[in-house]
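> Next come a sequence and a model predicted from it.
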Amino acid sequence: MNVKKIREDFPILNSKKPIIYFDNACMSLKPRQVIEKINEYYNEYPACVGRSNHRIGRIASEEYNNTRSIIKKFINAREEKEIIFTRNTTEGLNILSKTLDYDLIITTDKEHNSNHVPWLMSGKKREILKTEQDKVDTSIEEQLKDILAKNKNNKILISIVHTSNLDGTTINPEKIIKIAHENNALVVLDAAQSITHKQINVKKLDVDFIAFSGHKILGPTGTGVLYGKKELLEKLKNNYTGGDTVKDTFYDKVEFEEIPQKFEAGLQDYAGFIGLGEAIKYLQKYINDIESHQTKLNKILTEGLKEHVKIIGPKNPELRSGIFNFTSKINHHELSVILDNYANIMIRSGRHCVHSWYNDHNIEGSARASVYLYNTEEEAKTFVDKMKEILK
Ligand SMILES: Cc1ncc(COP(=O)(O)O)c(C=O)c1O
């Protein structure tokens, strides 16, 4: 992976006052190819999709539908129908929490609020698998088997974070899915972080549903994907209805569209999804090299700072993908502002939408640096040096 060449594609990294952008777990930067593709829609064919038969309407439809085909190939879905366009991971998980038939939901203690609050609000029976902080966990599989054995008469759903935004650790989805299916349970993977650096093959994994966002994979904000196995999606009711979800209506009845249309109510973010297709084409070129690059940088951060800060998650950076989340003697919010003002370094501070975990561990918040394909070893070394100066 030629990082120097990749960086040329990102306008913000080539500005007069370049920044060190280490807030990638929150939002990725956008390459010019994606920005240009979005502008192409607005400049050349800013029309309705699937409705207008004129020339620019046809081009818009073709480009928009092309994104579904790109995503189908990217995650190796069986059919394009299995790809539902959403606004983000959160919307995908909300669709599932509100429309699936289940009476017990199993999550972990490290879920992002988006994979915690919808289930909490569902009022259904819940079980929370307890993860260990200092290593990649295998005990959750044993806990899962136990819960499944005790709840044989329930319709069980497991919704679990694939790669954690809290500490960068990744679960073993194959094992979880196998255990679940042997017990007639369904599995949802929150793939918001894992999709950024892993080639996810939904067919091979045999996962029932995954949700992810466009903005973390070099794409536009306000775009996301919910994948589901066709036979499962077909059984779900649509919770939003209206234009584009119907085949026909009468004053007293409605005939709904097939999947995925029945879930995509109203005019969509056409420019966004056309841009998302371009982002995935870009990402696909590098996806197999990203994680090892992130680990290389994370090793520099860890080696350089392990004596100066307290790392959240395993000590071994190889288990934390691109995430370096830590507490130090400086308040995390203050530290992020100092890093910005003093060193042009952008990180995130707070509880990273995993409030429940921070409350449970009595930690007020933390500072999180997260790296991606365009970050360099020099940037990682600068971060270490500046952090040491600031701490001193
Ligand atoms: C693991 C995880 N799940 C879910 C989300 C929610 O994503 P979005 O806000 O795009 O819906 C995020 C975003 O940070 C995340 O990191």
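Now that the structure is in, tell me what you want to look at.
> From now on I want contacts and neighbour counts done on CA atoms only, so please keep to that.
Fine.
> Please point out which parts of stretch 344-354 sit buried.
Using 16 or more other C-alpha atoms under 10 Å as the test for burial, stretch 344-354 gives 344-354.
> actually stretch 140-157, sorry about that
140-141, 143-144, 147-148, 156-157.
> Convert that stretch to CSV, retaining C-alpha atoms only.
Written as CSV, here are the backbone C-alpha positions of stretch 140-157 (Å, rounded to 0.1, in the frame of the first residue of the first chain):
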residue,chain,number,x,y,z
ILE,A,140,-18.1,-14.8,25.7
GLU,A,141,-18.6,-18.0,23.7
GLU,A,142,-19.0,-20.0,26.9
GLN,A,143,-21.4,-17.5,28.4
LEU,A,144,-23.4,-17.5,25.2
LYS,A,145,-23.7,-21.3,25.2
ASP,A,146,-24.9,-21.1,28.8
ILE,A,147,-27.6,-18.5,28.1
LEU,A,148,-28.8,-20.4,25.0
ALA,A,149,-29.1,-23.6,27.0
LYS,A,150,-31.1,-21.9,29.7
ASN,A,151,-33.5,-20.2,27.2
LYS,A,152,-34.4,-23.0,24.8
ASN,A,153,-38.0,-21.9,24.5
ASN,A,154,-37.2,-18.4,23.6
LYS,A,155,-36.8,-16.8,20.1
ILE,A,156,-33.3,-15.5,20.5
LEU,A,157,-31.4,-12.7,18.8
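> who's in contact with the helix or strand encompassing residue 359?
Using DSSP states H and E, residue 359 sits in helix 355-360. Residues outside helix 355-360 that contact it (C-alpha atoms under 8 Å, 6 or more residues apart in numbering): 109-110, 113, 351, 364-365.
> Which members of the buried residues of stretch 344-354 are positioned in strands?
Taking DSSP state E as the definition of strands, those contribute 345-346, 348-350.
> picking up where we left off before, farthest-apart pair in the buried residues of stretch 140-157, please.
140 and 156 (16.0 Å; C-alpha to C-alpha).
> what's the span of stretch 202-219, first residue to last?
21 Å (C-alpha to C-alpha, to the nearest Å).
> Need the per-residue pLDDT for residue 74.
At residue 74, the pLDDT value in this model is 98.
> now for stretch 312-325, what's the gap between its first and last residues?
Stretch 312-325: ends 5 Å apart by C-alpha to C-alpha.
> mean confidence for it?
On average, stretch 312-325 scores 96.
> again, but for stretch 78-89
98.
> tell me which residues of that stretch are tucked away?
Buried, per 16+ other C-alpha under 10 Å, within stretch 78-89: 80-89.
> What residues does the stretch 201-350 of the chain have near the ligand?
residue 213 (C-alpha under 6 Å from any ligand atom).
> How about the stretch 201-350 of the chain: which residue is closest to the ligand?
residue 213 (4.9 Å; C-alpha to the nearest ligand atom).
> which residues does that residue bridge with?
In this entry, residue 213 is beta-bridged to residue 224, by DSSP bridges.
> Distance-wise, check it relative to residue 256.
26 Å.
> Show me where the stretch 51-200 of the chain has its strands.
83-86, 104-108, 125-129, 156-161, 186-190 (DSSP state E, counting those that start in this stretch).
> Perfect, that will be all.
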